[in-house]
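Asks: here's my sequence, what's the structure:
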Amino acid sequence: MNCQIWAMPLLLMACALPAVAEDTTVRSYQLPSRGTLELRVPVSWQDELQQSENGESAAIEFRPKTGEAFVADVTILYPPRPNTSSSIQKVIRANVEKEGHKWLKAAGPQPLNIKPISGTSGNGYYFSLSEASYKPGEYQHIAAGMVQVGDVVAAFQIFSNDDGATAVQSLLAALTTATQPRSGAGSDVPAPLAGDMQIGDATADESRLLSSEVRRMTEVMFGASDDVAFAITATYPRAIEFSGGEGALRRVIDAARASALQRNLKIESFTFPSPPRIVHAAQRSFAIVATRMIVDSDGARAESLSFTIGIREGDANAWTYIGGRAWTENLWREWFPDFPADYPFPAISTKKL
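Replies: Numbering: from 1, shown residues only. Next up, the predicted model:
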């Protein structure tokens, strides 16, 4: 069960809601002239990559290694350069709505709800429909949409026999956490090294504050707390802007809380394996807060190890946060060029118990 919660524009917490029923792995796909696309997908999925003859797109097909519960097609499109994120988003929204109305004719009378999706590399939209006249041997459900990932766009369709919730959430999680690592990404100025910076454990007061705030944000996302206003306030401002503003972020939080409730996800324990570490950089301070969470979903338990990054600008007193799973090289080189390039981050992993 792979929820997209932390990896969406929230960028704020230690980890995504862990994959209680499924372990994941990162797979790389070479894109001509556009570097490499990395997707974190369930281990049980098999894939096949095909490049177009003209080199202007690539397609990835995902299926389960056993059975035919679903099939997912992801087409990687290359928008013309130069382009802006806002202009790409307008095209994405229009295309998804057009595609939705096309499928709506086959699915029968039902609402077409175009839903926003966001991630560490960009934003997008999708819809889901169920065919009224289901026939044996055919897929009954479809979810389709488009997501901007770096400077490419991923158009996807996923067909399933059951309600498709698990497969759809896994695919959305893969796309919203996708990265495009490249040599020379970001600034041309070499990033500093950890050995040249002041790094140490947080003070007792800092540790209590950081731990408390990270825990509060986690509880909001699982529906254990209704303090959504705090979760928004505690999100790194640039991440809020990246997500489309506070309204868009609130909608993502509401969707995440509803998803946790639907799956009956509950935090069994939430601990901090080590004291928070503080990195004093040239322009700001960073707090690396390692976390260990045990989550239960109707008796299925999983352990999630991750971390949250706290950011404190200049002489500011308050910390704001970005999730460790969102902390990609592309992100920190663009947003935080003063962060050490060789910092040894805590482990990120999810395993079934």
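
Asks: drop to CA atoms for contacts and neighbour counts, all remaining ones
Replies: Will do.

Asks: for stretch 91-101, give me every contacting residue.
Replies: Identification of contacts with stretch 91-101 by C-alpha atoms under 8 Å, 6 or more residues apart in numbering yields 112, 114, 124, 125, 126, 127, 144, 145, 146, 147.

Asks: surely the third one is in contact with residue 90?
Replies: It stands for residue 124. No: the criterion here is C-alpha atoms under 8 Å, and residue 124 misses it with residue 90 at 9.4 Å.

Asks: which of those two has more residues huddled nearby?
Replies: More crowded of residue 124 and residue 90, by other C-alpha atoms under 10 Å: residue 124, with 25 against 11.

Asks: can you give me the helices in the chain?
Replies: For the chain, applying DSSP state H gives helices covering 85-107, 165-176, 204-221, 228-233, 237-243, 246-262, 329-335.

Asks: farthest pair within the contacts of stretch 91-101?
Replies: The two members of these with the most space between them (C-alpha to C-alpha) are 112 and 147, at 18.1 Å.

Asks: higher neighbour count, the two?
Replies: Neighbours per residue (other C-alpha under 10 Å) separate residue 112 from residue 147, with residue 147 holding more: 28 against 14.

Asks: separation between the closest residue to that one other than its chain neighbours and residue 249?
Replies: Nearest residue to residue 147, sequence neighbours excluded (C-alpha to C-alpha, 6 or more residues apart in numbering): residue 124, at 4.2 Å. Distance from residue 124 to residue 249, counting by C-alpha to C-alpha, to the nearest Å: 13 Å.

Asks: with residue 233 instead?
Replies: Using C-alpha to C-alpha, residue 233 is found at 11 Å from residue 249.

Asks: who has more neighbours, those two?
Replies: Of the pair residue 233 and residue 249, residue 249 is the one with more neighbours under other C-alpha under 10 Å, namely 23 against 14.

Asks: quick check: that one touching residue 243?
Replies: Yes: Residue 249 is within contact range of residue 243, at 6.2 Å (criterion: C-alpha under 8 Å).

Asks: doesn't residue 48 make contact with residue 58?
Replies: No: using C-alpha under 8 Å, residue 58 makes no contact with residue 48, being 10.5 Å away.

Asks: quick one: contacts for residue 62?
Replies: Contacts of residue 62 (C-alpha under 8 Å, 6+ apart): 45, 46, 47, 48, 71, 72, 73.

Asks: the first one: neighbouring residues, count only.
Replies: So the one you mean is residue 45. Quick note: residue 45 (other C-alpha under 10 Å) scores 16 neighbours.

Asks: that one: what's it in contact with?
Replies: Taking C-alpha under 8 Å, 6+ apart, we find residue 45 in contact with 62, 63, 64, 65.

Asks: so what's the first one bridging to?
Replies: Same thing as residue 62. For residue 62, the beta-bridge partners are residue 47, residue 72 (DSSP bridges).
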